[in-house]
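> Provided below are the primary sequence and the corresponding predicted coordinates.
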Amino acid sequence: MLDRQEIARLLRAVKAGKVPVAGAVERLSSLDTARLSSARIDHQRPSRRGIPEVVLGEGKTTDQIVEIVAHLFEKEATVLVTRLGPEAGEILAERFTRGRYDPLSRTFSWLAPRPGRRKIKGLVIVSAGTADSPVAEEAAVTASVFSLEVERVYDVGIAGLHRLLDELEILRRARVVIVVAGMEGALPSVVAGLVDAPVIGVPTSVGYGVAQGGMTALMGMLTSCAEGLTVVNIDNGFGAACAARAILGRKR
């Protein structure tokens, strides 16, 4: 699959006479949608959106996931599977040894080699507590696959605010900050009051009783008085990374 940079390089090569038109047409034809037995793979997404198609493991059978991942490897396309159960994750790791299964973030990933690819700097991911790490790591793995360089600041919740203040230097040089928090969900508001970068709040389902599976954190973030705070869905580290990529990619 070709992303925008690769298409631009290909067209410049055609213009310079280094690649024949027929060869370019053949390569561009790989952008067609592929129909598998259980899915349609959108090979045009990297050129259209700048990010690869991602496979949601949740709700799919192991056989369906394996079929999709096998097709992506065959096409030398970047692979990211999210919300993987342990059984499916271990099978992917055993069968596709080039990829990486991460049980904490519940992801399987492989970054296809591309000449000239550079990491985009400026993303910091902050988590309130250790229990929020799975969602924070889903965001981190996704961001890395999307060519973002990630700095982590974990376990700095407001129950010990001095821990966050110790990391102010890192936070203030960020261009985008993702803040992951459960319980009452106050940490993104605190961070948004300390930095001038866009802050993306991710409520998690961590918390007792009236935390209501993340609803309290979500409502707290949505009613924040801090400017520049945007909020994604509960436990949606993937969505936060997508938003960060869109912001940083546009700035670039």
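Structure received.

> contacts only, for the most centrally placed residue in the chain.
Centroid-nearest residue in the chain: Thr142, 2.4 Å away (criterion: C-alpha atoms, centre = their mean). By C-beta atoms under 8 Å, 6 or more residues apart in numbering, the contact list for Thr142 reads Val54, Leu80, Thr82, Thr107, Gly237, Phe238, Ala241, Cys242. (Glycine included, C-beta is placed from N, CA and C.)

> and the average pLDDT for the helix or strand hosting it is what?
Element membership of Thr142, judged by DSSP states H and E, is helix 133-145. Averaging pLDDT along helix 133-145 yields 96.

> where does the stretch 1-150 of the chain dip in pLDDT?
1-11, 14, 18-19, 21-37, 39-50, 115-116 (pLDDT under 70).

> try it again at 90.
1-55, 68, 71-78, 111-119, 147 (pLDDT under 90).

> now the helices for it?
4-15, 21-28, 45-49, 62-74, 86-95, 133-145 (DSSP state H, counting those that start in this stretch).

> list the buried residues of the fourth one.
Which is helix 62-74. Within helix 62-74, the residues scored as buried using 16 or more other C-beta atoms under 10 Å are Thr62, Gln64, Ile65, Val66, Ile68, Val69, His71, Leu72, Phe73.

> test my guess that the third one contacts Gly89.
The reference is to Ile65. No: between Ile65 and Gly89 there is no contact under C-beta atoms under 8 Å: 9.3 Å.

> overlap in contacts, the two.
Counting by C-beta under 8 Å, 6+ apart, the contacts common to Ile65 and Gly89 are Gly57.

> how about stretch 84-98: buried residues?
Leu84, Ala88, Gly89, Ile91, Leu92, Ala93, Phe96.

> Serialize those residues to CSV and add fields for distance to Leu171.
Shown next, in CSV, are those (distance: C-beta to C-beta, whole Å):
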residue, distance to Leu171
Leu84, 31
Ala88, 36
Gly89, 32
Ile91, 39
Leu92, 35
Ala93, 34
Phe96, 37
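
> OK, contacts around Gly17?
No contacts exist for Gly17 under C-beta under 8 Å, 6+ apart.

> look up how far Gly57 lies from Gly17.
Using C-beta to C-beta, to the nearest Å, we find Gly17 at a distance of 45 Å from Gly57.

> report the angle between the axes of the helix ranked longest in the chain and helix 133-145?
Determined from DSSP state H, the single longest helix within the chain is helix 237-251. Here helix 237-251 runs at 30 degrees with respect to helix 133-145, directions being taken by axes from the mean of the first three to the mean of the last three C-alpha atoms, to 10 degrees.

> what's the model's confidence in helix 237-251, averaged?
89.

> kindly report the same for stretch 188-205.
The model assigns stretch 188-205 a mean pLDDT of 95.

> so which bits of it are buried?
For stretch 188-205, by 16+ other C-beta under 10 Å, it's 188-192, 194-195, 197-205.

> so which of these comes closest to Ala159?
Lowest distance from Ala159 to those (C-beta to C-beta) belongs to Val190, with 11.7 Å.

> which strand or helix spans that closest one?
Applying DSSP H and E as the criterion places Val190 in helix 187-192.

> and that helix, how far out from the chain's middle?
Centroid separation for helix 187-192 versus its chain: 21 Å, with C-alpha atoms, centre = their mean, to the nearest Å.

> so what touches that helix?
126, 128, 156-158, 161, 164, 171, 177, 179, 181, 199-202, 220-221, 224-229, 231.

> and for stretch 224-235?
Counting by C-beta under 8 Å, 6+ apart, 135, 188-190, 192-193, 196-205, 213-215, 217-218, 221-222, 239-240, 243 sit against stretch 224-235.
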